[in-house]
Structures are given as C-alpha cells and as structure tokens.
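Student: below are the sequence and a predicted model for it; my questions follow.
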Amino acid sequence: MSGIDVLENTHAIRILLVLRDNGSMVKGDLARAIAKGTATVQSRVADLVDSGLVTETRETTKPFRIYVELTPKGREIADLLCELESLFRRRSTDLTDRRIPGASSTVPSQTITAGCPSIRRNHDG
C-alpha cells in the first residue's frame with residue numbers, strides 16, 4: 001500500500017501524530033498511547049513502513065524492543081496533517097461565529113487538536 005491510501009487505514013494518522021509529538025517510541029508504548037492493541041499497531045506500522053513514513057529499529061540486546069520513528073517524509077506528512085487540523089479549527093470557529101446565537105459547534109475541539117499539542121496551545125488559550 002502506498003500513497004495517500006495508507007492514511008485511510010484505521011489509526012494510521014493517529015500513529016503519525018503521536019510519533020510527531022513523542023519522537024521515537026517503543027511499539028508497546030505507541031499502542032498504549034493510541035489506546036489500541038499491539039496487533040493493530042503492528043499491522044498499521046507495517047503499512048507505514050512500506051510507505052516510507054516510519055522506520056522500525058530493533059534492539060540487538062535484551063529486552064529486544066522495537067522502536068518506531070518517523071522518517072523525514074513521515075515528519076513532513078505529520079506536520080501537514082497538523083496544519084490541516086489547524087485550518088479545520090479556524091474554519092470551524094468561523095462557521096460557529098456565523099451560526100444563530102445559541103447554536104453550538106458540531107466539532108469538539110478535542111477531536112480537532114488531538115495529537116498536535118502546539119495547536120492545542122495556540123487555540124485553547
């Protein structure tokens with residue numbers, strides 16, 4: 001799987017954003033960070049490796065952990081995803097400002113800013 005198709009897989013974007021925010025991570029820690037089982041993460045990481053967005057590095061001594069980190073291409077994609085979230089956030093705010101008084105936004109801010117702490121800091125005060 002290559003191209004943008006890999007991002008359509010469940011949790012692929014979340015994995016990229018978590019790695020963007022945390023740097024290199026042990027696969028088990030990555031699974032805990034996205035609250036999914038290791039089998040799901042292993043499958044998704046394999047897809048992301050095949051697409052050149054992340055790399056895996058295996059320790060050569062016990063406990064033989066596997067670290068996952070973004071490639072330069074993966075970092076660029078993750079940064080662009082955060083920019084898109086920021087754009088959606090601004091557009092959502094613009095649309096909310098134009099609604100009838102008392103109407104609420106349909107997009108929770110936690111959903112929009114998940115995985116991009118710099119966006120959370122800039123928009124949540």
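Tutor: Good, I have the coordinates.

Student: helix/strand/coil for the residue most central in space within the chain?
Tutor: Closest to where the C-alpha atoms of the chain average out (C-alpha atoms, centre = their mean) is residue 17, at 2.3 Å. Going by DSSP: H, G, I helix; E, B strand; the rest coil, the secondary structure assigned to residue 17 is helix.

Student: now the helices: where do they sit in the protein?
Tutor: Along the chain, the stretches classed as helices by DSSP state H are 12-22, 27-33, 38-50, 72-97, 109-113, 117-123.

Student: nearest to residue 61, out of those helices?
Tutor: Nearest to residue 61 among the helices of the chain is helix 27-33 (16.8 Å), distances taken as C-beta to C-beta. (Each C-beta comes from the backbone N, C-alpha and C, glycine too.)

Student: what helices or strands is that closest one leaning on?
Tutor: Using 3 or more C-beta pairs under 8 Å, 6 or more residues apart in numbering; DSSP states H and E as the contact criterion, the elements in contact with helix 27-33 are helix 12-22, helix 38-50, strand 66-70.

Student: and stretch 68-76, what's buried?
Tutor: Going by neighbour count (16 or more other C-beta atoms under 10 Å), the buried part of stretch 68-76 is 68-70, 74-75.

Student: JSON lines for the helices and strands packed on helix 27-33, including mean pLDDT and distance to residue 32?
Tutor: Output for these, formatted as JSON lines (pLDDT from 0 to 100; distance: least, C-beta to C-beta, whole Å):
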{"stretch": "helix 12-22", "mean pLDDT": "94", "distance to residue 32": "10"}
{"stretch": "helix 38-50", "mean pLDDT": "90", "distance to residue 32": "9"}
{"stretch": "strand 66-70", "mean pLDDT": "95", "distance to residue 32": "13"}
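
Student: so which of those is nearest residue 58?
Tutor: From those, taking C-beta to C-beta, the stretch that ends up closest is strand 66-70, at 5.2 Å.

Student: domains of this protein?
Tutor: For the chain, the structural domains run 3-71, 76-123, going by automatic domain parsing.

Student: most packed of the ones you listed?
Tutor: When you average the neighbours per residue for each of the domains of the chain (mean count of other C-beta atoms under 10 Å), domain 3-71 leads with a mean of 16.
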